[in-house]
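Visitor: Just the structure for this:
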Amino acid sequence: MLFSRAATSSLRSIRTYATTPKVKVPITLFGIDGRYATALFTAAAKKNQLDTVESELTRIGGFIEKNPKVQFFLDNPTLGRKQKKDGIEHLFKEYKYSEVTKNLFDLLADNGRLNQTTKIIGAYRSLMMAQRGEVLVTVTSAIPLKPVQLRQIKESLAKGTLAGSNKLTIQNKTNPTILGGLVIEFGDKTIDLSVASKVAKLNKLLTDAI
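Guide: All right, here's what the predicted structure looks like:
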């Protein structure tokens with residue numbers, strides 16, 4: 001079982017699970033979402049269900065993204081913990097989930113942390129990518145890029161020295177305020193090739209010259 005009944009009352013048990021020596025966690029994450037994701041990773045690894053839990057969290061994350069009412073329910077601070085727990089149980093009736101995933105959401109409901117759901121899903125994904133030796137590359141563009149364009153960007157980065165031996169996973173986000181060009185982020189590195197950045201630099205040069 002992911003968490004014992006006693007664990008549902010405090011984060012102390014979360015940290016205990018996360019630091020158990022029997023499971024090697026690929027990277028260290030911080031914050032509330034990091035602690036929960038690490039504990040979940042540890043528990044899933046013990047059950048040999050790392051991929052299963054990742055798939056389930058991806059489904060849940062997609063469901064939340066497509067249903068603003070669900071996100072509002074998770075974030076709403078006026079709802080009592082029992083109401084939220086009942087709501088989570090209702091949501092889980094729709095699909096069959098592993099005990100590991102169910103216990104995570106029971107714990108989040110008991111500890112009043114359901115508002116951290118999306119962040120925890122993202123943190124768990126980061127752990128799984130690190131486990132597979134992957135690096136997430138976020139490519140921000142003014143309009144959505146075509147698959148062939150994303151593939152070309154991935155191939156170019158893979159040939160460079162910044163990526164090293166890591167496998168690259170590309171995701172595209174849109175932000176009209178960059179006007180054009182691209183902003184590429186991976187790891188702690190950022191390549192700003194946006195039009196907005198160039199305009200800002202030009203404006204600075206003009207301002208400094210006056």
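Visitor: outside of stretch 124-133, which residues touch it?
Guide: Residues outside stretch 124-133 that contact it (Cβ atoms under 8 Å, 6 or more residues apart in numbering): 25-27, 29, 37-38, 40-41, 50-51, 53-54, 57-58, 135-136, 165-167, 169. Just so you know, the C-beta spots here come from the backbone N, C-alpha and C atoms, and that holds for glycine as well.
Visitor: What pLDDT is listed against the residue positioned nearest the centre of the chain?
Guide: By Cα atoms, centre = their mean, the mean C-alpha position of the chain lies nearest to G122, the distance being 1.1 Å. The per-residue pLDDT reported for G122 equals 91.
Visitor: which residues sit in contact with it?
Guide: Contact analysis of G122 by Cβ under 8 Å, 6+ apart lists 33, 61.
Visitor: what about G112, neighbour count?
Guide: G112 has 13 neighbouring residues, counting by other Cβ atoms under 10 Å.
Visitor: doesn't it fall inside a strand?
Guide: No - under DSSP: H, G, I helix; E, B strand; the rest coil, G112 sits outside any strand and is assigned coil.
Visitor: ok, now how distant is the residue nearest to it when sequence neighbours are not counted from T118?
Guide: Of all residues not flanking G112 in the chain, R81 sits nearest, at 5.8 Å (Cβ to Cβ, 6 or more residues apart in numbering). Taking Cβ to Cβ, to the nearest Å as the measure, R81 falls 19 Å from T118.
Visitor: Which one's more surrounded, these two?
Guide: Using other Cβ under 10 Å, the more surrounded residue of R81 and T118 is T118, with 16 against 13.
Visitor: so who does the more buried one touch?
Guide: Taking Cβ under 8 Å, 6+ apart, we find T118 in contact with 61, 64, 71.
Visitor: shouldn't the last one be in contact with G61?
Guide: No - using Cβ atoms under 8 Å, Q71 makes no contact with G61, being 10.5 Å away.
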